[in-house]
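Asker: I would like the atomic coordinates for the input below:
(one chain, ligands or ions: 1)
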Amino acid sequence: MLARFLLLLALFIVIARTLWRFIEAVVRGASGPFDSAQGRPPAAAVKMSQCPVCGTYVVPGKAISVVSGGSPIYFDSEKCRAEYQSR
Ligand SMILES: [Zn+2]
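Answerer: From the prediction side, this is the model:
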């Protein structure tokens with residue numbers, strides 16, 4: 001009798017845990033995109049540079065750069081760099 005009760009109790013705990021993990025995953029999944037959306041403004045706040053040719057904002061770390069007069073100029077594409085240099 002007691003063994004059966006303990007078995008049911010163990011089963012209940014396992015089911016409750018599984019259910020809780022599922023709920024937790026759903027809550028995380030629902031808040032996930034929201035969190036990443038909130039994380040965007042700081043990412044966008046990274047100092048950005050403007051392409052002098054077309055005006056597109058570029059991240060200096062990923063942009064094509066040309067050092068002109070001691071300070072780097074960042075371009076969004078090779079095309080813009082070529083255009084700037086041909087001026
Ligand atoms: Zn450009």
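Asker: show me which residues of the protein are close to the ion?
Answerer: C51, V53, C54, T56, D76, C80 (CB under 5 Å from the ion). In this view, the C-beta of every residue, glycine as well, is placed from N, C-alpha and C.
Asker: buried subset of these as a PyMOL selection?
Answerer: In PyMOL, this line selects whichever of the residues of the chain next to the ion come out buried by 16 or more other CB atoms under 10 Å:
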select buried, resi 51+53+76+80
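Asker: helices of this structure, start to end?
Answerer: 2-38, 40-44, 78-86 (DSSP state H).
Asker: to P72, which of the ones you listed lies closest?
Answerer: Evaluated with CB to CB, the helices of the chain place helix 78-86 nearest to P72, the distance being 11.6 Å.
Asker: most packed of the helices of the chain?
Answerer: Among the helices of the chain, helix 78-86 has the highest mean neighbour count (mean count of other CB atoms under 10 Å), at a mean of 14.
Asker: can I get that helix as CSV, trimmed to CA atoms?
Answerer: In CSV, the C-alpha atoms belonging to helix 78-86 read as follows (Å, rounded to 0.1, in the frame of the first residue of the first chain):
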residue,chain,number,x,y,z
GLU,A,78,33.8,48.2,-52.7
LYS,A,79,31.8,50.2,-55.2
CYS,A,80,31.4,53.2,-52.9
ARG,A,81,35.1,53.0,-52.0
ALA,A,82,36.1,53.0,-55.7
GLU,A,83,33.6,55.9,-56.4
TYR,A,84,35.1,57.9,-53.5
GLN,A,85,38.6,57.3,-54.6
SER,A,86,37.9,58.2,-58.2
